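*Asks:* below is the sequence, then the predicted model.
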Amino acid sequence: MPRDPMNTVMDRVLRPRSPSVPVARNDLLLALGMCLAQAAMAATAPPSDGRTPTVLGWALLTCSGAVLALRRRAPWLTVAVIVACVGPYHAQDFSHYAAVPAALVALYSMAAAGPPWRTFTTLGVLVGVMATVMGSLGATRQLGEMLRSSGWLVVCVLVGEAIRIHRDYVAAVVERAERAERTREEEAARRVVQERLRIARDLHDLLAHSITLIGVQTSVAAHVLVADPDRLDREAVAKALDGISDTCRGARTELRTTLEVLRAGDADGREPLPGLSSLPDLARAACEAGAHVELSVDRAAHDLAPEPAVGAAAYRIVQEALTNAVRHAGASVGVRAAVEGAGAALRVSVVDDGGAAGTRAAAAEQAGDRGGFGIVGMRERARSVGGTLEAGPRAGGAGFAVTALLPARLAPAPSPSPSPSPSTEHALGRKEPR
C-alpha cells in the first residue's frame with residue numbers, strides 16, 4: 001500500500017535531526033572523501049597554483065577536511081576551524097585551490113542551518129579579514145586569487161540559504177496542515193458531544209414526561225380500586241388505563257423517532273419534530289393525568305413561523321416544565337403555559353401554583369431536583385438555539401416559574417475550516433483529484 005505523500009514529507013521534514021548513526025556515518029564519509037580529494041588536488045596542482053604542501057600544509061589541509069564530520073551538529077564551529085586552518089595554509093603559499101572545497105561545503109552547511117544574520121556576518125568577516133591580512137603581507141597574487149574564489153563562497157551561501165528557506169516553508173506548510181487537521185478533529189468531536197447531549201435531552205424529556213404521567217395515572221387507578229371496592233368506578237379505572245396506554249404509545253413513537261436518528265445519523269426520513277402545533281396535545285395529556293393546565297399560544301408566535309429546531313425547543317421546555325410541576329407539586333397542580341411572540345423571538349413561560357406541595361416543590365426544583373437534569377436540560381436546550389432560560393420560585397407566592405426567550409431564526413453556522421490551498425497541496429506532494 002503506497003504511503004501518503006503528506007506523511008512522507010512530514011517524516012522527512014519534521015524528523016528530529018539528532019546525530020543518529022546514518023547521519024554521523026554520512027558525515028564521516030564526506031569528511032574522509034574531502035580529505036582524499038583535497039590531498040589529490042594539492043599533489044597534482046600546477047606550480048602556478050602554489051607550492052606543494054609541507055608537513056604543516058598537509059596537516060592543515062587534512063584538518064580542514066576532517067572537521068566536516070561536525071558540519072550538522074556544529075556548523076558555525078566547523079566554519080571557524082576551517083578558517084583557522086585555511087588562513088595559515090594560504091599564507092604559506094601552498095596549493096590554494098586544494099583548500100577551497102572544504103570551505104565551500106562548510107559555508108553551505110552553515111547557511112542551511114541558519115540563522116541568516118550569522119551566515120552573512122560570518123561571510124563578510126571572513127572575506128574582509130582574509131583580504132586585510134593578505135594585503136598587509138603584500139601577497140597581491142594570493143589576494144587576487146582569494147577575491148576571485150570568493151564568488152564561489154557567495155554562491156554556496158546563497159544555495160544553502162535557499163535550501164533553508166525551502167525547508168522552513170515545507171515545515172510551516174506541514175504544521176498548518178496538522179493544525180487544520182486537529183481543528184477538524186476537534187470540531188468533529190465537539191459535534192459528537194453536542195449530538196449526544198441533544199439525544200440525552202430528548203430521551204430525558206420524553207421518558208421523564210411519559211413516566212411521570214404513567215405514574216400519576218397508575219396512582220389514580222390504584223386509588224379507585226382500593227378506596228371502595230364495592231362501589232368500583234369502572235369508568236374512572238378504564239379512563240386511567242386508557243391514558244396509560246395512550247402515553248405509552250406516544251412515548252414509543254417518539255422513542256422510535258429518536259432511535260431512527262441514532263441509526264441513520266441524520267434527520268432525513270424521520271417524522272417531523274414536535275412544535276407549537278403539538279402543544280395542545282401535550283396540555284391535554286397533562287389534564288388527563290389530573291393537572292389543571294391553561295395553554296395559550298398567541299397569533300404573533302404563529303406568525304413568526306419559528307424554525308423546526310426552535311419550535312421543538314419550545315415544545316420540550318413546556319413538556320419538561322409540566323413534568324416537573326406534576327412530579328413536585330402533585331397531580332392536581334394548576335399550570336399556566338403561554339407562548340408569545342416578542343419581536344423576532346418566542347417567549348415561553350410556564351408557571352405553576354405549587355399545588356399541595358406549596359413552595360417546597362419550588363425549593364426542591366431550585367435545588368436541581370436532588371441531582372436531576374430537568375432545569376439543566378432546559379437551559380441547554382434553550383442555549384442550543386441561541387436562547388436563554390430562567391427558572392426559580394415565583395416571586396410573590398407559592399409555585400415555580402420557567403421563562404425562556406428563543407430566537408425564531410437560528411444564527412448561521414460558522415464556515416468550516418478552509419482546506420489547504422493548491423500551493424500547499426503542491427508543497428506536500430499531493431495531486432489534485434481528476
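*Replies:* Perfect, I can see it now. Numbers count the residues shown, from 1 in each chain.
*Asks:* please tell me the pLDDT value assigned to Ser136.
*Replies:* Listed pLDDT for Ser136 reads 65.
*Asks:* now swap in Glu294 and tell me
*Replies:* You'll see Glu294 listed with a pLDDT of 91.
*Asks:* next, it: phi, psi?
*Replies:* phi -110, psi 120 (degrees, to the nearest 10).
*Asks:* swap in Leu30?
*Replies:* Dihedral angles (degrees, to the nearest 10) for Leu30: phi -60, psi -40.
*Asks:* ok, the one 5 residues further on next?
*Replies:* When read as degrees, to the nearest 10, the backbone of Cys35 gives phi -60, psi -40.
*Asks:* surely Leu295 is within a helix?
*Replies:* No - going by DSSP: H, G, I helix; E, B strand; the rest coil, the assignment for Leu295 is strand, not a helix.
*Asks:* which residue is the nearest non-sequential neighbour of it?
*Replies:* Residue nearest to Leu295 in three dimensions, not counting chain neighbours: Ala283, with 4.2 Å by Cβ to Cβ, 6 or more residues apart in numbering. Every C-beta, even on glycine, is put in place using the N, C-alpha and C of the backbone.
*Asks:* one more: Ala321?
*Replies:* Leaving aside its sequence neighbours, Ala321 sits nearest to Val350 (Cβ to Cβ, 6+ apart; 3.6 Å).
*Asks:* ok, that neighbour to Leu241 distance?
*Replies:* Separation of Val350 from Leu241 (Cβ to Cβ, to the nearest Å): 28 Å.
*Asks:* neighbour count for those two, which is higher?
*Replies:* Neighbours were counted for Val350 and for Leu241 using other Cβ atoms under 10 Å; Val350 has more, 26 against 14.
*Asks:* for the more buried one, list each beta-bridge partner.
*Replies:* Using DSSP bridges, the bridge partners assigned to Val350 are Ala337, Val402.
*Asks:* can you verify my assumption that it contacts Thr323?
*Replies:* No - between Val350 and Thr323 there is no contact under Cβ atoms under 8 Å: 10.3 Å.
*Asks:* grab the most central residue of this protein for me.
*Replies:* By Cα atoms, centre = their mean, the mean C-alpha position of the chain lies nearest to Thr183, the distance being 2.7 Å.
*Asks:* confidence score at Arg176?
*Replies:* For Arg176, pLDDT reads 90.
*Asks:* next, it: secondary structure please.
*Replies:* Assignment for Arg176 (three-state DSSP): helix.
*Asks:* against Glu185, how distant is it?
*Replies:* 15 Å.
*Asks:* who has more neighbours, the two?
*Replies:* For Arg176 versus Glu185, neighbours defined as other Cβ under 10 Å are more numerous around Arg176 (13 against 10).
*Asks:* roughly how far does the more buried one sit from Val170?
*Replies:* For Arg176, the distance to Val170 equals 11 Å [Cβ to Cβ].
*Asks:* kindly report the same for Ala189.
*Replies:* Ala189 is 29 Å from Val170, where distance means Cβ to Cβ.
*Asks:* which one of these two has more residues nearby?
*Replies:* Set Ala189 next to Val170 and count neighbours by other Cβ under 10 Å: Val170 wins out with 18 against 10.
*Asks:* tell me where the stretch 251-400 of the chain has helices.
*Replies:* 279-288, 299-303, 308-329, 359-366, 374-384 (DSSP state H, counting those that start in this stretch).
*Asks:* buried deepest among the ones you listed, which one?
*Replies:* helix 308-329 (a mean of 25; mean count of other Cβ atoms under 10 Å).
*Asks:* packing partners for that one?
*Replies:* Applying 3 or more Cβ pairs under 8 Å, 6 or more residues apart in numbering; DSSP states H and E, one finds that helix 308-329 contacts helix 140-227, helix 279-288, strand 334-342, strand 345-352, helix 359-366, helix 374-384, strand 400-407.
*Asks:* reformat the ones you listed as CSV; add distance to Ser64.
*Replies:* As requested, the helices and strands packed on helix 308-329 are exported to CSV (distance: least, Cβ to Cβ, whole Å):
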stretch, distance to Ser64
helix 140-227, 14
helix 279-288, 90
strand 334-342, 85
strand 345-352, 80
helix 359-366, 84
helix 374-384, 71
strand 400-407, 76
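*Asks:* report the beta-bridge partners for Gly392.
*Replies:* When bridges are called by DSSP bridges, Gly392 pairs up with Ala401.
*Asks:* quickly list the domain ranges of this structure.
*Replies:* 5-182, 278-411 (automatic domain parsing).
*Asks:* chain center to the first one: distance?
*Replies:* So the one you mean is domain 5-182. Taking the mean of its C-alpha atoms, domain 5-182 sits 43 Å from the chain's own mean (Cα atoms, centre = their mean, to the nearest Å).
*Asks:* could you dump stretch 381-394 to CSV, C-alpha only?
*Replies:* Provided in CSV are the C-alpha atoms of stretch 381-394 (Å, rounded to 0.1, in the frame of the first residue of the first chain):
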residue,chain,number,x,y,z
ARG,A,381,-32.0,23.2,25.0
ALA,A,382,-32.5,27.0,25.1
ARG,A,383,-28.8,27.6,24.5
SER,A,384,-28.7,25.1,21.6
VAL,A,385,-30.9,27.5,19.6
GLY,A,386,-29.3,30.7,20.9
GLY,A,387,-31.9,31.5,23.6
THR,A,388,-31.9,31.9,27.4
LEU,A,389,-33.9,30.4,30.2
GLU,A,390,-34.6,31.4,33.7
ALA,A,391,-36.2,29.1,36.3
GLY,A,392,-37.0,29.6,40.0
PRO,A,393,-39.7,30.0,42.7
ARG,A,394,-42.4,32.5,41.9
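*Asks:* now do it: everything it contacts.
*Replies:* 194, 198, 201, 307, 309-310, 313, 316-317, 345, 351, 354, 359, 362-363, 365-366, 375, 378-379, 399-407, 410-411 (Cβ atoms under 8 Å, 6 or more residues apart in numbering).
*Asks:* quick one: Ala240 from Ala283, how far?
*Replies:* For Ala240 relative to Ala283 (Cβ to Cβ), the value is 18 Å.
*Asks:* can you tell me the closest non-neighbouring residue to His302?
*Replies:* Closest to His302 by Cβ to Cβ, 6+ apart is Leu276, at 6.7 Å.
*Asks:* now for the one you found, how many residues are close by?
*Replies:* Residues contacting Leu276 under the criterion other Cβ under 10 Å number 21.
*Asks:* do the same with Val155
*Replies:* 13.
*Asks:* same check on the one 5 residues further on?
*Replies:* Here the count is done by other Cβ under 10 Å, and Gly160 has 23 residues near it.
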